[in-house]
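[1] what's the 3D shape of this:
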Amino acid sequence: MPEKDLVQSYITEMKRGSLVLAVLGSLREPYYGYALLQQMQEAGIEIEANTLYPLLRRLEKQGLLTSDWDTTESRPRKYYTVSQKGIEIGNELLQEWVRMQKSIARIYLEE
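    Okay, here's the model as predicted:
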């Protein structure tokens with residue numbers, strides 16, 4: 001595997017691990033899938049619809065998100081919001097993410 005491809009593979013793996021944290025943090029207010037996708041992309045989080053939608057369904061099944069259908073518009077939309085359990089788990093994940101960032105920075109900055 002060429003070095004550039006190897007680096008990209010690791011970057012993709014690293015990002016994939018952060019998506020749950022990003023979704024839980026983004027859904028403190030209700031969003032439907034496409035609006036969430038746009039909001040995350042505007043925040044600089046590269047995510048595609050074919051990654052986001054299965055993730056939303058999985059997090060809902062795990063009880064980390066709740067959803068409600070809005071049928072008042074011509075096109076029904078499913079709005080997702082983080083649940084209390086999702087808030088708690090998201091906060092724990094954030095603490096660990098920050099701890100890991102600090103630890104990795106120490107490793108690289110200590111010379």
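[2] who are the neighbours of the longest helix along the chain, in terms of helices and strands?
    In the chain, with assignment by DSSP state H, the single longest helix is helix 84-109. Packing contacts for helix 84-109, counted by 3 or more CB pairs under 8 Å, 6 or more residues apart in numbering; DSSP states H and E, involve helix 3-26. C-betas here are computed from N, CA, C, even on glycine.
[3] and the helix it packs on, how far from the chain's centre?
    10 Å (CA atoms, centre = their mean, to the nearest Å).
[4] quick one: that helix to helix 84-109, angle?
    On the basis of axes from the mean of the first three to the mean of the last three CA atoms, to 10 degrees, helix 3-26 is oriented at 140 degrees to helix 84-109.
[5] Can you mark which positions in helix 3-26 are buried?
    19, 20, 21, 22, 23, 24, 25, 26 (16 or more other CB atoms under 10 Å).
[6] Counting neighbours, what do you get for residue 33?
    17 (other CB atoms under 10 Å).
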